[in-house]
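Student: pasting the sequence and the predicted coordinates here, then a few questions.
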Amino acid sequence: MARVLLTRSLPFDAITTLEADHDVVTHPGPLPPDRATLTHLIADADGVLCLLTDRIDATLLDAAPRLRVVSNLAVGTDNVDLVACAARGIPVGATPDVLTEATADLTFALILAAARRLADGERAVRAGDWRTWEPAGWLGADVHGATLAIVGAGRIGEAVARRAAGFAMPVLRVGRDDDLHAALGQADIVSLHAPLTNATRHLIDARALAACKPGAILVNTARGGLVDQVALAAALHAGRLAAAALDVTDPEPLPVTDPLLDAPNLLVVPHIGSATRGTRERMVSIAVANLVAGLTGAPLPHPAPGT
Ligand code: DGY
């Protein structure tokens, strides 16, 4: 019976099916295994179902001589060294498509929340600061008709663009070869959907933020590493950006002492783009299908992009 490591407890039906005919070892508890624990647990695994919180690199792979498949429970695979896996003939699976709509929904929720200052308003109500209807209180920005730059116009970016059509928003799609700074100069709202690679790390740096239209809003539901957070904090403090809403940060979790959290008009949520019950069930099903295929030597139904 093949031995499979789950790096976190996954309370979903697909795991019960997996357990029926595999020897499944699950790292217990709500937190990721630390490096030493992961190295120990993976040593005799034939396959691993891992999360975006697990770093799967060459050193770890060297400690896993039996490993035949890495199945990542995410569409992003920046936590996995794809080159090191390929060099060892280990296929890597991902979970594309099934989280596209849920992530686009959250993106739009963040766009609306940041533009209309939902977090500020909610805090004011709880603090007893809602004294009357205020003609100039909690003023935000219009979303309807605002120009939206979608940076990284893949599947999720396109799903956001479809939602933007309902808000009569002109959409600027910014691909790898497009002029990012020119688009930033025209956009009222900038939404990030690019994968994190060496080329995209800190894509939104101080220069990019300086190129933004004054009063623009930045939304990131992709990867925290796309944004230079020191530069973002400075742009928010300076009022150069009106607001930012982040589902992802670098690192994750963002320490409560991180200076970014002192910046005004900032909304941060804990990486919940795909966090709907149905989406997570589908993600786990795909991850299990990838895992089982890899264990039998069959092509993975959903290989990681670029593998
Ligand atoms: C992913 O899949 O890459 C998301 O960030 C988590 O669902």
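Tutor: Perfect, I can see it now.
Student: helices of the protein, residue ranges please.
Tutor: Counting by DSSP state H, one finds helices in the chain at the ranges 13-20, 35-42, 58-62, 82-87, 100-115, 118-126, 155-165, 180-186, 206-211, 229-237, 277-296.
Student: check which residues of the first one are buried.
Tutor: Right, helix 13-20. The neighbour-count check on helix 13-20 (16 or more other Cβ atoms under 10 Å) flags Ala14, Ile15, Leu18 as buried. For every residue, glycine as well, the C-beta is placed using N, CA and C.
Student: just the CA atoms of that helix, as PDB, please.
Tutor: Extracted as PDB, the C-alpha positions of helix 13-20 are listed here (Å, rounded to 0.1, in the frame of the first residue of the first chain):
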ATOM      1  CA  ASP A  13     -14.800  13.600   1.700                       C
ATOM      2  CA  ALA A  14     -12.100  13.000  -0.900                       C
ATOM      3  CA  ILE A  15      -9.700  12.200   2.000                       C
ATOM      4  CA  THR A  16     -11.900   9.500   3.400                       C
ATOM      5  CA  THR A  17     -11.800   7.900  -0.100                       C
ATOM      6  CA  LEU A  18      -8.000   8.200  -0.200                       C
ATOM      7  CA  GLU A  19      -7.700   6.600   3.200                       C
ATOM      8  CA  ALA A  20      -9.600   3.500   2.100                       C
END
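Student: in JSON lines: the helices of the chain, plus distance to Val174 and mean pLDDT.
Tutor: JSON lines is the format used below for these (distance: least, Cβ to Cβ, whole Å; pLDDT from 0 to 100):
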{"stretch": "helix 13-20", "distance to Val174": "36", "mean pLDDT": "97"}
{"stretch": "helix 35-42", "distance to Val174": "36", "mean pLDDT": "98"}
{"stretch": "helix 58-62", "distance to Val174": "33", "mean pLDDT": "98"}
{"stretch": "helix 82-87", "distance to Val174": "24", "mean pLDDT": "98"}
{"stretch": "helix 100-115", "distance to Val174": "15", "mean pLDDT": "98"}
{"stretch": "helix 118-126", "distance to Val174": "26", "mean pLDDT": "97"}
{"stretch": "helix 155-165", "distance to Val174": "9", "mean pLDDT": "98"}
{"stretch": "helix 180-186", "distance to Val174": "5", "mean pLDDT": "98"}
{"stretch": "helix 206-211", "distance to Val174": "11", "mean pLDDT": "98"}
{"stretch": "helix 229-237", "distance to Val174": "18", "mean pLDDT": "98"}
{"stretch": "helix 277-296", "distance to Val174": "26", "mean pLDDT": "98"}
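Student: among the ones you listed, which is the most enclosed?
Tutor: helix 100-115 (a mean of 22; mean count of other Cβ atoms under 10 Å).
Student: that one vs helix 277-296, what angle?
Tutor: 140 degrees (axes from the mean of the first three to the mean of the last three Cα atoms, to 10 degrees).
Student: heads up, I number from 16, so please use that
Tutor: OK, 16 is where the count begins now, so the last one is helix 115-130.
Student: residues making contact with helix 115-130?
Tutor: Applying Cβ atoms under 8 Å, 6 or more residues apart in numbering, the contact partners of helix 115-130 are 133-134, 155-158, 161, 163, 170-171, 174-175, 177-178, 204, 206, 208, 232, 234, 236, 258-262, 280, 282, 284, 287-291, 293-294.
Student: all set, thanks.
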